[in-house]
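**Student:** this is a predicted model, with the sequence first.
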Amino acid sequence: MSNTSSLNEQVNRFGFWSVIVALLTTVVSFFFPLDIPEGFSADHADRIAWLNENRGVFIVAWVNQIFAMFSLSAVLACGAWVIARNNALRAILAAFFVAMATMAFIIPKFIAIWTIPMLADAVSAGANGAAMADSLLLLLNVSVPFSLYTSFDYLGFWLYSVFALLAAGPQWGESLSARIAAGSLGAFGLVYQVLLIMLLLGAMAPANIEGYFMSAAMLLLAYMIAMAFVFKNSINSH
């Protein structure tokens with residue numbers, strides 16, 4: 001087996017198992033709350049109390065999100081590898097946007113497990129810097145779509161959508177799984193851009209932002225499942 005064939009098999013195998021991890025962490029996320037219930041409308045004091053009472057669960061939930069994000073980024077990066085055979089330039093650009101998205105995502109998620117619990121504890125204890133901690137918690141609200149925190153998350157998904165627009169065309173192939181992957185990826189890229197335009201034009205209420213944008217992101221689930229078959233078929237062909 002040549003070095004190229006060996007590397008191709010390794011990338012496809014890594015992509016396949018990344019899909020499995022991404023799907024498993026997605027299921028796990030349903031059992032661990034990422035914020036206080038009704039986080040968008042929750043009172044700030046109630047949120048601080050909830051963060052202190054559920055510190056461990058909150059941290060576990062966001063650690064799981066880190067694994068979910070890294071595994072999804074790995075799937076997309078391996079998807080870029082797959083399309084390199086048809087369009088090397090698009091593959092390189094697509095991988096670049098995945099790398100930037102991963103950086104955008106890891107910043108708020110690390111803040112969630114490192115900074116936010118300590119801020120909530122400092123406010124509740126009235127420790128030194130409690131006033132600053134209280135202000136930072138408002139800026140780092142994980143549920144308000146226009147907070148500094150969520151801005152990084154939506155930036156990450158926008159970068160994913162640019163990847164989608166670059167990779168969807170070359171992804172189209174003869175197999176059904178490749179076509180489903182290309183279709184779901186292209187749909188995600190286009191829908192996300194339309195939603196962004198609607199948001200910038202003021203045609204979307206803040207309370208509806210998360211619902212619309214996260215619904216669009218669900219198209220990535222279809223992409224991942226289809227790519228599992230693409231990766232598996234590529235492995236079996238060697």
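**Tutor:** Looks like it arrived, so ask away. From a predicted model like this one, the values you see are computed outputs, not experimental measurements. Numbers count the residues shown, from 1 in each chain.
**Student:** quick one: contacts for the residue positioned nearest the centre of the chain?
**Tutor:** By C-alpha atoms, centre = their mean, the chain has its centre lying nearest to Met69, at 4.9 Å. Applying C-beta atoms under 8 Å, 6 or more residues apart in numbering, we find Met69 in contact with 102, 105-106, 109, 156. No exception for glycine: its C-beta is placed from N, CA and C like everyone else's.
**Student:** of the residues you listed, which is the nearest to Thr25?
**Tutor:** Ranked by distance to Thr25 (C-beta to C-beta), these are led by Lys109 at 12.2 Å.
**Student:** got a pLDDT number for that closest one?
**Tutor:** Listed pLDDT for Lys109 reads 96.
**Student:** picking up where we left off before, okay if I get the contacts of Met69 as CSV plus secondary structure and distance to Asp35?
**Tutor:** Shown next, in CSV, are the contacts of Met69 (DSSP: H, G, I helix; E, B strand; the rest coil; distance: C-beta to C-beta, whole Å):
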residue, secondary structure, distance to Asp35
Thr102, helix, 22
Phe105, helix, 17
Ile106, helix, 19
Lys109, helix, 13
Gly156, helix, 18
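**Student:** of all those residues, which two lie farthest apart?
**Tutor:** Largest pairwise distance in the contacts of Met69, by C-beta to C-beta, is 10.4 Å, between Thr102 and Lys109.
**Student:** who has more neighbours out of the two?
**Tutor:** Between Thr102 and Lys109, counting by other C-beta atoms under 10 Å, Lys109 is the more crowded of the two (23 against 19).
**Student:** got a list of what the residue nearest to that one when sequence neighbours are not counted touches?
**Tutor:** With C-beta to C-beta, 6 or more residues apart in numbering as the criterion, Lys109 has its nearest non-adjacent residue at 4.9 Å, and that residue is Ile66. Applying C-beta under 8 Å, 6+ apart, we find Ile66 in contact with 106, 109-110, 113.
**Student:** give me the three-state assignment for Glu174.
**Tutor:** Assigned with DSSP: H, G, I helix; E, B strand; the rest coil, Glu174 falls in the coil class.
**Student:** residue ranges for the helices of this protein, please.
**Tutor:** 3-29, 44-53, 55-83, 88-125, 130-139, 148-171, 176-200, 206-217, 219-236 (DSSP state H).
**Student:** and the angle for the third one with helix 206-217?
**Tutor:** Inter-element angle recorded for helix 55-83 and helix 206-217: 50 degrees (by axes from the mean of the first three to the mean of the last three C-alpha atoms, to 10 degrees).
**Student:** state the distance from the residue lying closest to Leu138 once chain neighbours are set aside to Ala216.
**Tutor:** Spatial nearest neighbour of Leu138, chain neighbours left out: His44 (6.6 Å); criterion: C-beta to C-beta, 6+ apart. Computed as C-beta to C-beta, to the nearest Å, the His44 to Ala216 distance reads 29 Å.
**Student:** these two: who's more crowded?
**Tutor:** With neighbours defined as other C-beta under 10 Å, His44 and Ala216 compare such that Ala216 has more, 21 against 12.
**Student:** so what pLDDT did the more buried one get?
**Tutor:** 93.
**Student:** the nearest residue to it once chain neighbours are set aside and Met218, how far apart?
**Tutor:** Leaving aside its chain neighbours, Ala216 sits nearest to Val191 (4.6 Å; criterion: C-beta to C-beta, 6+ apart). According to C-beta to C-beta, Val191 stands 10 Å off from Met218.
**Student:** quick one: which of these two has more around it?
**Tutor:** Val191 (18 against 11).
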